[in-house]
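Colleague: Quick one, structure for this:
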Amino acid sequence: MAKPSHRPRIIEIERKQLFRYFFFGVFALLLYQLLQIISPFVTALMWSATLTLIFYPIHERMTRRVGQRHTAAFLSTTIVALAVIVPLLFFLWFLVRESAQLYPAARAWVGTLKNLDMHSAESILPRPILSIWNGVQTILTSFGIDLQDIFLKNLNEIGQAITRLGGVIAKNLLFLIVNLLLLMISLFFFFKDGATLIRWILDLTPMEHDHKHRIATQLYETLTAVVRGATLTAASQGLLAGIGFAIAGVPFPVFLGAVTAFAALIPPTGATLVWLPIALYRLAHSTGEGVFLSIWGILVISGIDNILRPILIGSKVKLPFLLLFFGIMGGMRVYGFLGLILGPMLIACTLAFIQIYRQEYHQTTGTRGEG
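Modeller: From the prediction side, this is the model:
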């Protein structure tokens, strides 16, 4: 008796494999081309998604009150534009303009400090600060390190960076306007259809439901901690510091406020790293201004951190603060300003995957041990 032929079955399996390879190959090519198309606008889309998550509780209240999703999305987008985007544009404009004025002033200050005698230097720096400066300079000089040359070199790099930034803004003004419009449009649609989009993405993700829920929860809580907690607290401290510097007559208050906001992200000193030396410097020249800045720094700048951070972060976030700090700093080093969001989210996602792996691994080893 002749053996049954399995050739048709083999051909059918080969066709299925060929279709699978063809489908996923074309799908990967389409995804790559899609990423190429949206890559110039990925920053605007990421910030739009971030702002949507931050203000989504307000949007939900707006939707319940208005009743129509289109109207609620339009009102929520308008609120975000007036509360965040417009003030941020004004701040960036003043920051760039003030930074351009700061560079020549700082360069001249360091240059005049280089060859001053003690009597002339006391008119610029208070005696305690000048003594510390001379002591540090003497120690570094013994090791062949010229502190003024280092300052001047860094100032030259900062000045060149400011010049390049101004040129980039001028050359790419149209592109910046397009990105801003794209941010506003995508913000509207994220408010309107964001929940549906997230459900669709979770449905397509080939993971267990509990695992998908854990990762989504971890990412949302981390984003909430970074933006509502660390970032908003640092921005508030920078704003209040800039106001205090302006009241006390400190030069370049916008720039120093921005530096204070950035320093507020650095534990454990935080904003004190900026406002305290400035307060001591003003105290040596003007007792009233120095006392005002000291009180303002202790009660207002540092006080707002103790008030806002527990309210905004609470006890939900399980990401250690040290990892959060390295996520922010490392993310900004790799991805630029967008790394402020991406860095901590990547760390949170990695920790979630590690927890899932540990759970699955223990379940697998436990089952094998019982067998």
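
Colleague: Tell me how many other residues crowd residue 75.
Modeller: Residues within reach of residue 75, counting by other C-beta atoms under 10 Å, total 18. Backbone N, C-alpha and C define where each C-beta goes, glycine included.

Colleague: any idea which element the closest residue in space to it that isn't next to it in sequence lies in?
Modeller: Take residue 75 and drop its neighbours on the chain: the residue closest to it by C-beta to C-beta, 6 or more residues apart in numbering is residue 62, 5.5 Å away. According to DSSP states H and E, residue 62 maps onto helix 42-66.

Colleague: helices or strands up against whichever helix or strand comes after that helix?
Modeller: Beyond helix 42-66 in the direction of the C-terminus, DSSP H and E gives the next helix or strand as helix 69-80. Contact analysis of helix 69-80 by 3 or more C-beta pairs under 8 Å, 6 or more residues apart in numbering; DSSP states H and E lists helix 42-66, helix 173-204 as its packing neighbours.

Colleague: Flag every buried residue along the helix or strand just after the longest one.
Modeller: Proceeding N to C from helix 173-204, the next assigned helix or strand is helix 209-224, under DSSP H and E. Taking 16 or more other C-beta atoms under 10 Å as the neighbour-count basis, helix 209-224 is seen to contain the buried residues 211-212, 214-215, 218-224.

Colleague: want to throw the residues you listed into CSV with pLDDT?
Modeller: Converted to CSV, these look like this (pLDDT from 0 to 100):
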residue, pLDDT
211, 79
212, 81
214, 79
215, 81
218, 77
219, 78
220, 78
221, 76
222, 75
223, 75
224, 73
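
Colleague: related to what we said a few turns ago, minimum distance to residue 341: which of the helices and strands packed on helix 69-80 has it?
Modeller: Smallest distance to residue 341 across the helices and strands packed on helix 69-80 (C-beta to C-beta): 5.5 Å, for helix 42-66.

Colleague: for the closest one, packing partners?
Modeller: With contacts taken as 3+ C-beta pairs under 8 Å, 6+ apart, helix 42-66 sits against helix 69-80, helix 173-204, helix 209-224, helix 339-370.

Colleague: Now with 7 Å, please.
Modeller: helix 69-80, helix 173-204, helix 209-224 (3 or more C-beta pairs under 7 Å, 6 or more residues apart in numbering; DSSP states H and E).

Colleague: closest one to residue 277 among these?
Modeller: Here helix 209-224 is closest among those (C-beta to C-beta), at 32.6 Å.

Colleague: can you list the weak-confidence ranges in this protein?
Modeller: Counting by pLDDT under 70, the chain contains low-confidence ranges at 1-13, 99-100, 102-137, 140-173, 267-268, 310, 312-319, 321, 361-371.

Colleague: Now stretch 275-292 - C-alpha only, CSV.
Modeller: Provided in CSV are the C-alpha atoms of stretch 275-292 (Å, rounded to 0.1, in the frame of the first residue of the first chain):
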residue,chain,number,x,y,z
TRP,A,275,19.9,81.7,46.5
LEU,A,276,22.1,81.3,49.6
PRO,A,277,25.4,82.5,48.0
ILE,A,278,23.5,85.4,46.4
ALA,A,279,21.9,86.3,49.7
LEU,A,280,25.3,86.3,51.5
TYR,A,281,26.8,88.4,48.7
ARG,A,282,24.0,91.0,49.0
LEU,A,283,24.2,90.9,52.8
ALA,A,284,27.9,91.9,52.6
HIS,A,285,27.0,94.9,50.4
SER,A,286,23.5,95.9,51.6
THR,A,287,22.2,94.6,54.9
GLY,A,288,18.5,95.2,54.0
GLU,A,289,18.7,93.4,50.7
GLY,A,290,20.7,90.6,52.2
VAL,A,291,18.3,90.1,55.1
PHE,A,292,15.3,90.2,52.7
